[in-house]
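Participant: Quick one, what's the 3D model for this:
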Amino acid sequence: QVQLVESGGGLVQAGGSLRLSCAASGRTFRNYVMGWFRQAPGKEREFLATVSRGGGNTEYADSVKGRFTIYRDNAKNTVYLQMNSLKPEDTAVYYCAASSGTYGSRRLSQYIYWGQGTQVTVSS
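Facilitator: Next comes the predicted model:
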């Protein structure tokens, strides 16, 4: 089992920044590919970013590429999502997730552990 707890969400004005954190406990954090997803009201949960086990490789959805950065600190068992140039359409509940599979998957089904989510609201 891996327990994931997100933090760092909140209310921010358009153009602002937030950094989300996801702290992991349980089995060895470095054994998992980590990802960030979000779900807006009335919409499906969507992939945002993923980082490889060692942190050296990352991939992003087109909607956030160049604005969001995913990175991890395996010594702290934490993965982060730095979000810059936020837009009202970024408003959603943000989730981190862990995958024991191959790096690079954007499919929700590949991620076996999920956090409870943190709300991000961007005002115009």
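Participant: Who are the contact partners of the residue nearest the centre of the chain?
Facilitator: By CA atoms, centre = their mean, the chain has its centre lying nearest to Trp36, at 2.2 Å. The contact partners of Trp36, taken as CB atoms under 8 Å, 6 or more residues apart in numbering, are 20, 22, 48-50, 68, 70, 79, 81, 94-97. Any C-beta I mention is one placed from the backbone N, CA and C, and that applies to glycine too.
Participant: Pull the most distant pair out of the residues you listed.
Facilitator: Taking CB to CB as the measure, the contacts of Trp36 span a maximum distance of 15.4 Å, between Phe68 and Ala97.
Participant: Those two: who's more crowded?
Facilitator: Neighbour count, other CB atoms under 10 Å: between Phe68 and Ala97, Ala97 has more, with 24 against 21.
Participant: Strands of this protein, start to end?
Facilitator: Ranges of strands in the chain, per DSSP state E, are 2-7, 10-13, 18-26, 33-39, 46-51, 58-60, 68-73, 78-83, 92-99, 113-114, 118-123.
Participant: Let me have those in a markdown table, extended by mean pLDDT and distance to Ser105.
Facilitator: Output for the strands of the chain, formatted as a markdown table (pLDDT from 0 to 100; distance: least, CB to CB, whole Å):
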| stretch | mean pLDDT | distance to Ser105 |
| --- | --- | --- |
| strand 2-7 | 96 | 17 |
| strand 10-13 | 98 | 29 |
| strand 18-26 | 95 | 17 |
| strand 33-39 | 98 | 7 |
| strand 46-51 | 98 | 7 |
| strand 58-60 | 98 | 9 |
| strand 68-73 | 98 | 14 |
| strand 78-83 | 98 | 15 |
| strand 92-99 | 98 | 6 |
| strand 113-114 | 97 | 14 |
| strand 118-123 | 98 | 22 |
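Participant: right, and the ones you listed - which one's nearest Arg107?
Facilitator: strand 46-51 (7.8 Å).
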